[in-house]
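# got a predicted structure here, sequence first:
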Amino acid sequence: MRVLVTGASGLLGGEVARQLVRDGHTVTTFQRRPAGVDGAADVCGSITDDGAVRRAVAGAGGVIHLAAKVSFAGRAADFDAVNVEGTRRLLRAAREAGVRDMVFVSSPSVANSGAAIAGLGAEPADPARAHGDYSRTKASAELLALAADSPDFRVAAVRPHIVWGPGDTQLVERVLDRARRGRLPLLDGGAALIDTTYVDNAASAIIAALHRMEHVHGRALVVSNGEPRPVGELLAGICAAGGVPAPSWSVPGRLARAAGSVVEKVWTRSGRADEPPMTRFLAEQLSTAHWFDQRETRQLLDWAPAVSLDEGLARLAGHYGSPGL
Amino acid sequence: MVAADWPGVDPAWSREISVASTSAADEPGTVRSWHLLDNGAQLSRRGLTPAGTLLCVHGNPTWSYLWRTLLAAGSDPAQPWRVVAVDQLDMGFSERTGTFRRLADRINDLGDLTAALGLEGPVVTVGHDWGGVISLGWALSHPLQLAGVVLTNTAVHQPAGSPIPPALRLALHPAVHRWGTTTSDAFLRVTHSLARPPLAADVRTAYMSPYRGAGRREGVGNFVADIPAEASHPSFPALSRVADGLHGLSVPALMLWGPRDPIFSDRYLKDLLDRLPAAQVHRFEGAGHLVAEDRDIAAPVFAWLAEHRLHSGPADVEAVSPGVPPADVPMTAPGVQAPPLWAPLTELAAGPDGGDTAVAEMGTDGSVARSLNWRELEHSIAALAAGLQDTGVRPGSRVSLMVPPGVDLTVVLYACLRLGAVVVVADAGLGTRGLSRAVKGATPDFLIGIDKALAAASVLGWPGRRISVQDLPAARRRLLAVETSLAALARRGQLRERTAAPPHAPHAPAPDAPAAVLFTSGSTGPAKGVLYTHAQLAAMRDTLAATLGILPGARLVAGFAPFALLGPALGAVSVTPAMDVTAPRTLTATALADAAAAIDATVVFASPAALRNVLATQGSLSRAGHEALGSVELVLSAGAPVPASLLAEVQRLLPRASLHTPYGMTEALPVTDISLEQIRAAGADAAAGTMPGAGNGVCVGRPVHRARVAIIPLADDGTAPGNDPVTEPGVTGEILVSAPHVKETYDRLWLTQRESVRSAGWHRTGDVGHVDADGRLWVEGRLAHVVTAPGTVVTPVGAEQAIERLDDVGLAAVVGVGPAGTQAVVAVVEAVPPVRRAGPAAPELAARVRDAAAEAGVSVSAVLSVPSQPTDIRHNAKIDRTRLSRWASAVLAGGRPGTP
């Protein structure tokens, strides 16, 4: 199958493209800069550009859409332009180009109002209650994508939860950087039970969705390793893999969430484009439970994670050349 | 009146009917308008033939809305019953008559209504509150139609000499009555507030809807004013007619009760049970006055209807599901007749060794404080029995014994058993609250106790005529409302034995007569009363004798109450060591050795907690003490799991003894037995991994004499829904036991009992485990504590044992958090040395705990450390995993840890 992967310059997009190539598919990648995936054809351009998008989808049988503005900072309008309008544009172009199937890569945060999630499935996306511009716009985009699902043009949404792995700048590098500077506290002792997804598993689940369209189209599925751990242990594992001392001090989660709100507002008002040190979203992610019922996901996708949490941490340690935990 | 606004009510049920009144309150020829909820028309529209009619009568100040769940259940095509729930006149949405209707009128009104409805049999009446009396009044005057009666929190009689409940007294007070019941809606609001949990707002609104405005509430006030609180009240004769008439009622009766009722407390239930002794009763612990709101009463009512086949016609066969035996099927084989429990005692007293010591108790100075020989024991029992009989103890009387183990308890226990009285044995191990709940629920007629117990009875309002052990000073006797003492009763009995012709010796109770109510430890929900018959107690004794070889002539140190009481029945000499038996941890090595030396003991009964303290205090043991313990042949430790390591240490202290630890529960004492050698052999089999079923859990050995065990396999959802027991090795499921000494029934817990004997001929223990190829039972935990992780069902004990093998871990508990079927497995551990604050375990410890559990095949998500595990009061050993699971859920959701 000819498959278009958007956003292949990211950690997850790159891995998806690589696995598709490995499986023998004809892969096109579409992003602003070359993705550098061996064996895939690059189309460079912006998701906000009609012509570029049309060029990218030409001839594709399936589309995997990962391109998005992923950040804690930035103008709301930019998030809307890339995440909502970009998705709308891609959906239209794909349908017009006769694409048969599309996987929209989403996030569990589209249905998260900040409360703890313990063993739930994929709740409906809700832009009105999602926290932060990223989650809000991803929620809108997911609703658009699933609304476009039809027998001729099948669309499914896959929501990998906290993707990490070697080369990850979003979570791993940030954790290590802060821990190195002694600026990584545990919230409430780090007890919150959190599930994550090793990057290889997220990629294989997304590809499984493309192959299992008859079972999953029109639906959103949360994907994770299915190995929830207390967040303190996860951070300690990442730090050990990176050769950095684990966080040992704790602040109350309530305080961090309040501080995050303040910082978020200051950053937004001052129009700073760099990443703020703490946001309410991040504080919530680190101090409330997020783990999911994976039974239906695994059954529908006929998929199981190939890399366990401990194996993932070992690979991370290998990446950093450290002995690990 | 808008039926659509009543949540849970199908508007089609609401109807009005005009009824010619023949009641004395009305002029002849008066016609009254009634409102009913009635599913009859709906059933016939659907072509369903009802099995009969439930005639439901509300009390004050509710209305037919109370019975909506029965209407819904009766409309189920699988079990169609017509349900007619009436609004009494001046109540609900029925007519406001402007008359004052007394009890006799209301009973007559109901008859007028059913005549107008043309209601034919079979009819089962259902009543609540004062509607209970009215429904029974109707029942007594319609014997041809009547097929059964259901009662919920009601009363037919004010026991003589006891005041009416304070809440009613207040409502009846002239200064309060009119304002409280009619002018304001206070009485309604207070009644609605009795619901546990609280009523939903829309339900409360529905209850209030017929009573908006003082003009609509005359009936509420008149109802209260018609309560015959005294014999001079005009409605007293009508009430007495109903109360007395019940004795002649032979139809099946079901009582569903909410004990947390400030008005219709357990003593009214007891009064009703005295009148309808064959009734089936379920007390919903924690539920209150509005039991129909607090709990699902429809399911038990319809189960009861089906069980009693309370209908006629072709539906008969279908309505009773096969494989569900009636709850009262005896579990003992018919024709098996054991001699009375006390036969060996009587024989020994009459024999040549009658002068030998039978019972003794040790003083704190290490010498025998008190003892009786067999003849003295026999005489003491006979004298006290005569005295107790004199003061009114009858066969079937319930006598609560709050006397510590020792000579006094032995005498009074056997005296009661001989009289055919039912002893109620609630112990301090239940905790004050649990003990109080247990005693109130069992409603003893007599309470015999030491000073401390009588003081508690006085403060906490425990029922029963009070009898002290020793004579009390007059002032103290008055203060505690104590009638007499055991000492005085024994004197009275002796006197009668000497003066009168032979005392009218009681007939030996029938083998199937109730003998004792014991209580579960309450570590898995409120403590449950467990009723044993004489035959079952005798079977328990025989099982101990046959399994452990405790025969007449044995000499036992009784450091563990339940079995210790059987000493005289075994013909064994028993001595109580100097200890606080309610706190096993107070038994010292010296106290144990002194007791053993006093009778040259061959057998020691002691709980694991007691043994731990004996080991801890063995340093101060004298040489003579060591010798006394050295001649003990058998140690029996029960009540909680006894680790092999503890037994091994005990073995060093009592080198000649065979160490046994039976497994059982209050409902079946014991089920299996295992010795230290057998524990070691089982451990070796588990390690070798060659024997099917060996491993994963605590090996508790083989079934005891005449007991059988079997397994109901677990389903994927962690329950044991099946009814076909299996005995294949390695199949995990709920453990079932069958034996002549299994309990007769749960006390006043009809539903619980029904569930426990769902597999005919078996008692369901609520424990999970499996058997191995060698016939040994392995216990894996409690059914309620099974964790359902994705794709796998986890029983806790196997992983807990693996974790506890880590050097720096004390007690471990494995619990689940999150929704059933996709739970995350959490290990909660006591770190050694203990952590100061509960919370996530350090990553290094967590990793080792996780590895240990993985070896037992369990994948653990989170590891939490606690300073100490929450355990039960009685044994100080059973971890409350349900509570831990709640706590772990809160912590892992991202809350502040706190303590479990």
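Nice, I can see it. Values in this document were obtained by computation on a predicted structure and should not be read as measured data.

# residue in chain B nearest to chain A?
B:Gly818 (3.2 Å; Cβ to the nearest Cβ). Yep, even glycine has a C-beta here, placed from its N, CA and C like the rest.

# secondary structure class of the spatially closest residue to that residue that is not a sequence neighbour, three-state.
The shortest distance from B:Gly818 to any non-neighbouring residue, by Cβ to Cβ, 6 or more residues apart in numbering or on different chains, is to A:Gly119 (3.2 Å). Three-state assignment for A:Gly119 (DSSP: H, G, I helix; E, B strand; the rest coil): strand.

# where does pLDDT dip in chain A?
Counting by pLDDT under 70, chain A contains low-confidence ranges at A:253, A:255-256, A:258-279, A:281, A:323-325.

# the residue of it found nearest chain B and B:Ser865: what is the separation?
Chain A approaches chain B most closely through A:Gly119 (3.2 Å), counting by Cβ to the nearest Cβ. According to Cβ to Cβ, to the nearest Å, A:Gly119 and B:Ser865 sit 23 Å apart.

# quick one: contacts of stretch A:83-92?
For stretch A:83-92, the surrounding residues in contact (Cβ atoms under 8 Å, 6 or more residues apart in numbering or on different chains) are A:6, A:47-48, A:50, A:53, A:57, A:63, A:65, A:67-69, A:102, A:104, A:134, A:137-138, A:140-141, A:144-145, A:148, A:155.

# only alpha carbons, please: show that stretch as PDB.
Extracted in PDB, the C-alpha atoms of stretch A:83-92 (Å, rounded to 0.1, in the frame of the first residue of the first chain):
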ATOM      1  CA  ASN A  83      -4.200  21.300  14.300                       C
ATOM      2  CA  VAL A  84      -7.800  22.100  13.300                       C
ATOM      3  CA  GLU A  85      -7.600  23.700   9.900                       C
ATOM      4  CA  GLY A  86      -4.600  21.600   8.900                       C
ATOM      5  CA  THR A  87      -6.600  18.400   9.600                       C
ATOM      6  CA  ARG A  88      -9.700  19.800   7.800                       C
ATOM      7  CA  ARG A  89      -7.500  20.500   4.800                       C
ATOM      8  CA  LEU A  90      -5.900  17.100   4.800                       C
ATOM      9  CA  LEU A  91      -9.200  15.300   5.200                       C
ATOM     10  CA  ARG A  92     -10.600  17.200   2.200                       C
END
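
# in that stretch, what's buried?
By neighbour count on 16 or more other Cβ atoms under 10 Å in any protein chain shown, the buried set for stretch A:83-92 is A:Asn83, A:Val84, A:Glu85, A:Gly86, A:Thr87, A:Arg89, A:Leu90, A:Leu91.

# what domains does the record give for chain B?
B:3-314, B:663-784, B:786-892 (automatic domain parsing).

# those into a markdown table, with extra columns for mean pLDDT?
Listed next are the domains of chain B as a markdown table, based on pLDDT from 0 to 100:
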| stretch | mean pLDDT |
| --- | --- |
| domain B:3-314 | 92 |
| domain B:663-784 | 95 |
| domain B:786-892 | 91 |
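
# ok, A:Ile117 - contacts?
Taking Cβ under 8 Å, 6+ apart, one finds A:Pro108, A:Thr288, A:Ala289, A:His290, A:Trp291, A:Phe292 in contact with A:Ile117.

# hmm, which two among those are most spread apart?
Using Cβ to Cβ, the contacts of A:Ile117 reach their maximum pairwise distance at A:Thr288 and A:Phe292, which is 13.5 Å.

# surely B:Ala841 and B:Arg850 touch.
No - the pair B:Ala841 / B:Arg850 is not scored as a contact, 9.7 Å apart, by Cβ atoms under 8 Å.

# how about the residues of the stretch 151-300 of chain A near chain B?
Listed as neighbours of chain B in the stretch 151-300 of chain A under the rule Cβ under 8 Å from any Cβ of the partner chain: A:187-193, A:226-230, A:232-233, A:236-237, A:246, A:252-253, A:287-289, A:291, A:293-295.

# so of the residues you listed, which ones are in strands?
Secondary structure from DSSP state E places A:Leu187, A:Leu193, A:Arg229, A:Pro230, A:Trp291 of those in strands.

# in PyMOL, how would I select the buried members of those?
This is the PyMOL syntax for the buried subset of these, where burial follows 16+ other Cβ under 10 Å:
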select buried, chain A and resi 187+193+229+230+291
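
# what's the burial count for B:Leu239?
B:Leu239 is flanked by 23 other residues according to other Cβ atoms under 10 Å in any protein chain shown.

# how near is it to B:Gly137?
9 Å.

# again with B:Ser397
Distance, B:Ser397 to B:Gly137, by Cβ to Cβ: 30 Å.

# which of the two has more neighbours?
B:Gly137 (26 against 20).

# now that one: which helix or strand?
helix B:130-141 (DSSP states H and E).

# after that helix, which helix or strand is next?
Reading on from helix B:130-141 to the C-terminus, the next helix or strand found by DSSP H and E is strand B:146-152.

# which helices and strands does the helix or strand following that following strand pack with?
Scanning forward in sequence from strand B:146-152 by DSSP H and E, the next helix or strand is helix B:166-172. For helix B:166-172, the elements it packs on are helix B:218-225, judged by 3 or more Cβ pairs under 8 Å, 6 or more residues apart in numbering or on different chains; DSSP states H and E.

# who are the packing partners of the helix it packs on?
Using 3+ Cβ pairs under 8 Å, 6+ apart as the test, helix B:218-225 ends up in contact with helix B:166-172, helix B:174-178, helix B:186-192.
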